[in-house]
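Chemist: Output the structure for:
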Amino acid sequence: MMEDDPLFLWLLAPELSVEDAAILIAGGDPGAVDYEYQGPYDQGPAQTVKRTKGHPGFTPVFASLRAAVRRGELKARVSYPARHSDQFSGHSPFAEFHLVTRADLERVFGMQDRDFPCRGERFEIQKEPDWAETTVEVSDLREWLKSRGFTRGFFFRQTDFEPDAFMDPTHDHFAPELALAVAAWRALASEQKFPRGVKAGIEAWIDANPDAWRGDDDLKGAAKDRVVTLANWRKIGGAPTSGG
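Modeler: Now for the predicted structure:
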């Protein structure tokens, strides 16, 4: 499995950074690097530069995840870059930042001295979260993806296959006749008597529930017959004398 799928071990992660989650949703490998380099004049150990935006599809997925976190649609453990500020000079390494006191860190951000050990009373907190450190639970991420109509890709592998995936009209393998047959069977499963027979009962239910059909074309003729045949659990003909 690992030899065939370089992403396999990422399934072990109970939570992921927003950045890594976006890469995986887009079908990339968060462990991929764009290049390796050494220090000035080839001194020091070789270092790698992680690939982020270079993954096809990363940009729209990343933007969507950031928006979902900001809007509260996707729960996240948000991390903000921070630094001690000795002087309020009006210049900061952060593009946009909050100037806060140690009391603000404790009151607003819930940070204690052990969380932010720098000395002093004034700090700069970047307004934009650090998306490489901000994390989301994989279970929450799956639920958010499903709410957006996404049930395929890395986070919905065969090991995570849901029993009712065949009822999802957005699935690549959606079969409208199968979905309708299952819907009819489930709707009539608790019925005990079918005066005109099970087949007629299934046909009547389908006629009374046109919205249950999710096919592109109208349901009629041979297609309808196939659905009824598939859902019919009583293959012998004729109306039963008692029950279905």
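Chemist: so Leu74 touches Glu137, yeah?
Modeler: No. Assessed by CB atoms under 8 Å, Leu74 is found out of contact with Glu137, at 9.5 Å. All C-beta spots, glycine's among them, are computed from the backbone N, C-alpha and C.
Chemist: Those two - which one has more neighbours?
Modeler: The neighbour comparison of Leu74 against Glu137 (other CB atoms under 10 Å) goes to Leu74, with 23 against 16.
Chemist: Report the secondary structure state of that one.
Modeler: Under the three-state scheme (DSSP: H, G, I helix; E, B strand; the rest coil), Leu74 adopts coil.
Chemist: With Ala26 as the reference, measure out to it.
Modeler: Per CB to CB, to the nearest Å, Leu74 is found 16 Å from Ala26.
Chemist: any weak-confidence spans in the chain?
Modeler: Low-confidence segments of the chain, defined by pLDDT under 70: 1-4, 36-48, 82-125, 158-163, 236-244.
Chemist: In it, what residue spans correspond to strands?
Modeler: Listed in chain order, the strands of the chain (DSSP state E) span 15-17, 33-37, 47-50, 82-84, 97-101, 122-126, 135-137.
Chemist: pretty sure Phe194 is touching Ala200, no?
Modeler: Yes. Here Phe194 reaches Ala200: they are 7.0 Å apart, a contact under CB under 8 Å.
Chemist: If you count surrounding residues, which of these two has more?
Modeler: Using other CB under 10 Å, the more surrounded residue of Phe194 and Ala200 is Phe194, with 18 against 14.
Chemist: Relative to Arg77, how far out is that one?
Modeler: Distance, Phe194 to Arg77, using CB to CB: 55 Å.
Chemist: What of Glu19?
Modeler: Glu19 is 14 Å from Arg77, where distance means CB to CB.
Chemist: The two: who's more crowded?
Modeler: The neighbour count for Glu19 versus Arg77, taken as other CB under 10 Å, is higher for Glu19 (22 against 13).
Chemist: From Gln192, how far off is Asp172?
Modeler: 38 Å.
Chemist: what's the answer for Ile25, then?
Modeler: In terms of CB to CB, Ile25 sits 47 Å off from Gln192.
Chemist: Those two: who's more crowded?
Modeler: In terms of neighbours (other CB under 10 Å), Ile25 is the more surrounded of Ile25 and Gln192; the figures are 23 against 7.
Chemist: List the residues that contact the spatially closest residue to that one that is not a sequence neighbour.
Modeler: Leaving out its chain neighbours, the residue that sits closest to Ile25 by CB to CB, 6 or more residues apart in numbering is Val61, at 4.8 Å. Taking CB atoms under 8 Å, 6 or more residues apart in numbering, we find Val61 in contact with 22, 25-26.
Chemist: ok, now how distant is Val61 from Arg148?
Modeler: Per CB to CB, Val61 is found 11 Å from Arg148.
Chemist: And for Asp130?
Modeler: Separation of Asp130 from Arg148 (CB to CB) stands at 24 Å.
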